[in-house]
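# okay, predicted coordinates and the sequence, questions at the end:
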Amino acid sequence: RAACKYVKGSPARLAMFKVCVKDANISRSKKVITDVATRWNSTYLMLEVASKYAEAFNRLEDEDPSYVSELQVIGGTPNAYDWNRARVFINFLKIFYDATLTFSSSLHVSANCFFRKLVKIHSALASWIQGGDLVLKNMAVTMKSKFDKYWSDESINYLLFVAVYLDPRYKLEYLDLCFEWMYGAEKAKTIVAKLEELISKLFDHYKSLHPVGFVDSDVTSSSNNTIQSDVVTMSVGGNVDMDALHRRRVKKRQIEQKSSELVRYKEDEVEDDYEGFDLLKWWKSKTTKYFVLSLMARDILAIPISTVSSESAFSTGGRVLDPYRSSLKAETVEALICTQSWIKPITRFVLDENKTFDVVEIETEMADFIGLEDEEPAAESLDE
């Protein structure tokens with residue numbers, strides 16, 4: 001952190017660092033950044049970039065004596081041990097950084113993606129707990145207790161798993177496999193049984209909302225045959241009880257239709273998982289084949305996995321309410337939030353790392369002015 005701040009401290013220091021980068025034959029595709037202490041994502045991004053320039057920072061010790069003297073006051077320049085620790089924490093933070101970006105996405109379907117990230121986090125925590133790094137082990141133990149608190153059997157929101165079930169690349173088999181690995185075979189059976197019960201209830205509910213549109217082509221022919229046999233059976237004696245025949249026929253068709261669509265979806269081959277797979281488009285194309293399931297997918301996949309913005313998730317700073325705002329009535333707070341949402345202009349999401357570099361152009365112009373800018377065009381990529 002101190003090394004990055006030193007390099008970014010003036011155009012002259014930045015120019016000297018560029019020379020070290022060039023001498024170390026390092027590709028200058030990214031620029032050195034400084035982090036914000038209360039935003040852990042900026043720390044991750046700072047470490048990720050700085051680790052690529054480790055050799056350049058080592059060369060800077062020989063080229064710039066003031067770099068060594070200034071950092072000596074706060075513990076010295078980064079050594080080999082420090083860079084190794086930085087790389088360890090990069091791998092540690094990357095898992096949570098990627099997961100947070102996925103969970104906070106508002107422009108894409110995220111309900112079906114969360115479980116894969118959850119399994120990855122669980123796997124990483126288990127690996128760190130079993131590993132030999134005491135620092136990571138202690139952090140992982142603490143985080144695992146939090147993980148178990150929110151994702152134990154009693155705390156699970158099963159509707160989130162229905163979203164994964166509705167992803168044709170995974171379905172119930174993937175969930176069953178992950179549950180068994182995370183919770184054990186016995187507990188996995190209980191969770192899967194509850195999940196199947198929920199899916200069945202949801203299916204019945206959506207079917208009752210759209211009885212007219214629910215038509216299963218696989219059942220039509222068998223239903224017609226059943227109707228004819230029922231008429232023959234019930235017409236013995238010359239009288240046909242049409243009311244009883246109707247009730248019997250409807251009941252049979254409902255049972256067959258429910259079984260047919262759910263069973264067919266379960267038994268069909270899973271889709272290939274390739275980049276660019278459009279889940280909503282897939283369900284739209286399967287409306288005829290899976291009418292009720294497509295209705296379920298339309299509503300359940302629209303659920304955001306998180307209502308917290310990535311900016312809030314990345315920040316470790318607390319939220320402070322002044323005495324005036326904390327004394328407002330709930331209705332007033334709701335009105336203020338709603339009106340703010342209406343008035344606020346639509347803005348494009350910009351990653352924090354882009355906001356960090358607003359002064360780069362000014363620094364470059366100053367370096368040009370004092371004649372310290374690297375002459376080679378390739379060096380400009382460090383600041384672009």
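Perfect, thanks for sending it.

# next one: phi and psi at residue 39?
phi -130, psi 100 (degrees, to the nearest 10).

# that one bridge partners, please.
residue 315 (DSSP bridges).

# burial of it, as a residue count?
A count of neighbours around residue 39, defined by other C-beta atoms under 10 Å, yields 17. Backbone N, C-alpha and C define where each C-beta goes, glycine included.

# any idea how far it lies from residue 68?
Distance of residue 39 to residue 68, computed by C-beta to C-beta, to the nearest Å: 29 Å.

# which strands or helices does the helix or strand residue 196 falls within pack on?
Assigned by DSSP states H and E, residue 196 belongs to helix 185-209. Under the contact definition 3 or more C-beta pairs under 8 Å, 6 or more residues apart in numbering; DSSP states H and E, helix 185-209 sits against helix 158-165, helix 171-183, helix 242-267, helix 291-300.

# in that helix, what's buried?
188, 191-192, 195, 199, 202-203, 206-207 (16 or more other C-beta atoms under 10 Å).

# relative to helix 158-165, how tilted is that helix?
Between helix 185-209 and helix 158-165, the angle comes out at 80 degrees (axes from the mean of the first three to the mean of the last three C-alpha atoms, to 10 degrees).

# same question for helix 185-209, mean pLDDT?
Confidence for helix 185-209, expressed as mean pLDDT, is 90.

# over to stretch 123-134?
Mean pLDDT, computed over stretch 123-134, is 87.

# kindly report the same for stretch 65-80.
If you average the pLDDT over stretch 65-80, you get 83.

# quick one: residue 4 and residue 46 touch, right?
Yes. Under the criterion of C-beta atoms under 8 Å, residue 4 makes contact with residue 46 at 5.9 Å.

# any idea how many residues pack against residue 17?
By other C-beta under 10 Å, 25 other residues sit near residue 17.

# pretty sure it is touching residue 26, no?
No. Between residue 17 and residue 26 there is no contact under C-beta under 8 Å: 10.8 Å.

# mutual contacts of the two, please.
Shared contacts of residue 17 and residue 26, defined by C-beta atoms under 8 Å, 6 or more residues apart in numbering, comprise 53, 56.

# pLDDT weak spots in the stretch 151-300 of the chain?
Applying pLDDT under 70 to the stretch 151-300 of the chain flags residues 153-155, 211-247, 249-259.

# go with 90
Along the stretch 151-300 of the chain, segments meeting pLDDT under 90 span 151-160, 179-188, 207-280, 286-289.

# what's the answer for the stretch 1-150 of the chain, then?
The stretch 1-150 of the chain contains residues with pLDDT under 90 at 1-140, 142-150.

# and if we set it to 80?
Scanning the stretch 1-150 of the chain with the threshold set as pLDDT under 80 gives 27-30, 35-40, 73-75, 102-110, 132, 150.

# so where do the helices sit in it?
Here the stretch 1-150 of the chain has its helices, by DSSP state H, counting those that start in this stretch, at 2-7, 11-23, 40-52, 54-63, 65-72, 80-103, 114-130, 134-151.

# report all helices and strands that the last one contacts.
Under the contact definition 3+ C-beta pairs under 8 Å, 6+ apart, helix 134-151 sits against helix 80-103, helix 114-130.

# how about a cut-off of 6 Å?
When contacts are defined as 3 or more C-beta pairs under 6 Å, 6 or more residues apart in numbering; DSSP states H and E, helix 134-151 sits against helix 114-130.
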